[in-house]
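Trainee: Sequence plus the predicted model coming up.
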Amino acid sequence: MGRLEGKVAIISGAARGIGGAAARLFVREGAQVVLGDILREEGSALADELGQRARFALLDVTDPLSWEAAVDVAQTEFGPLTTLVNNAGVVALHSVAEVVLEEYERVIAVNQTGVLLGMQAGYRAMEPQGGGSIMNVSSTAAMSAYPGIISYVASKWAVRGMTKAAALEMASSGIRVNSIHPGQIQTALNTGSATAGIPLGWRGVPENIAWLMVYLASDESAFTTGTEHVVDGGETVILGTTAVQVRPSA
């Protein structure tokens, strides 16, 4: 019996990277999963690969109706929603002085507003059944900061705070809300090879984050809410790492 037997999950940004790794592990551990993404071809292919325990839903996280449709797919195909992973994210390389408002607002719409809409959709589905688990993917950029990605940093700090507020508000409904803070993870958004500032001396892989998601989705984390889970090889322990120029993982 898997660690997630009986769980029904929606994972946003699930076509590849951390979301794709999470989808694979969730199914492997017994969950039934809706893979939400705007990448229809990649998402559908992964859902087909994972078999009967997986479905693809075209999900634009900035659209409330798109969230409603994804929840409907999950609950029609598999049953009551127990787990939501707000993983979808984008990055734009702009400094404070250079960033254009339109680009700033695009990043905020996906990374921050998308998480808000996801939590709202998750709450509406989970509250009637007395509980569930929501996890929001933030970043180590929300534990300190990185230069040259002002919109990304702003959005991920917001996710960190929103998670805590939601955890307090949803606790009485039995819904746990936690944030995940990946460091330098090898994904489509972070393709470099630099390991400077990582005490372990290597860059993480999506599975390093996905296994944490399995824990937070499982009953093993029943007493865990409002917490920040940093997975960064020790990077945030070192003073001065805020000056390192990296591309975020999500």
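Mentor: Done, it's in. Numbering: from 1, shown residues only.
Trainee: And Gly2, how far from Ser133?
Mentor: Computed as CB to CB, to the nearest Å, the Gly2 to Ser133 distance reads 16 Å. (Each C-beta comes from the backbone N, C-alpha and C, glycine too.)
Trainee: Have a look at those two and say which one is more surrounded.
Mentor: Under the criterion of other CB atoms under 10 Å, the comparison of Gly2 against Ser133 puts Ser133 first, with 27 against 15.
Trainee: Before we go further, that one is sitting in a strand, right?
Mentor: Yes - per DSSP: H, G, I helix; E, B strand; the rest coil, Ser133 lies within a strand segment.
Trainee: Tell me if I'm right that Gly43 and Gly13 touch.
Mentor: No - counting by CB atoms under 8 Å, Gly43 stays clear of Gly13, with 9.4 Å between them.
Trainee: any common contacting residues for those two?
Mentor: Both Gly43 and Gly13 are contacted by 36-37, under the criterion CB atoms under 8 Å, 6 or more residues apart in numbering.
Trainee: Okay, now the unreliable bits of the chain?
Mentor: Applying pLDDT under 70 to the chain flags the ranges 189-193, 239-250.
Trainee: quick one: contacts for the residue lying farthest from the centre of the chain?
Mentor: Distance from the C-alpha centroid of the chain peaks at Ala97, with 28.7 Å (CA atoms, centre = their mean). By CB under 8 Å, 6+ apart, the contact list for Ala97 is empty.
Trainee: And it, how far from Ser144?
Mentor: Using CB to CB, we find Ala97 at a distance of 20 Å from Ser144.
Trainee: Likewise for Val205?
Mentor: Counting by CB to CB, the separation of Val205 from Ser144 is 23 Å.
Trainee: which residues in this structure form helices?
Mentor: Per DSSP state H, the chain carries helices over the ranges 17-28, 40-50, 64-77, 101-108, 114-126, 150-170, 206-217.
Trainee: Dump those into JSON lines; add mean neighbour count as well.
Mentor: JSON lines is the format used below for those (neighbours: other CB atoms under 10 Å):
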{"stretch": "helix 17-28", "mean neighbour count": "25"}
{"stretch": "helix 40-50", "mean neighbour count": "17"}
{"stretch": "helix 64-77", "mean neighbour count": "18"}
{"stretch": "helix 101-108", "mean neighbour count": "15"}
{"stretch": "helix 114-126", "mean neighbour count": "22"}
{"stretch": "helix 150-170", "mean neighbour count": "20"}
{"stretch": "helix 206-217", "mean neighbour count": "21"}
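Trainee: Can you say which of those is nearest to Val237?
Mentor: Proximity to Val237 (CB to CB) singles out helix 206-217 among those, at 16.5 Å.
Trainee: and the angle from the closest one to helix 17-28?
Mentor: Per axes from the mean of the first three to the mean of the last three CA atoms, to 10 degrees, the angle that helix 206-217 makes with helix 17-28 is 50 degrees.
Trainee: what does helix 206-217 rub up against?
Mentor: Residues from elsewhere that reach helix 206-217 (CB under 8 Å, 6+ apart): 3-4, 7, 9, 17-18, 20-22, 24-26, 29, 31, 82-83, 85, 133, 135, 137, 176, 178, 180, 182, 185-187, 221, 224, 229, 231, 249.
Trainee: Hmm, Val96 and Ala154 touching each other?
Mentor: No - counting by CB under 8 Å, Ala154 does not reach Val96; the two are 9.9 Å apart.
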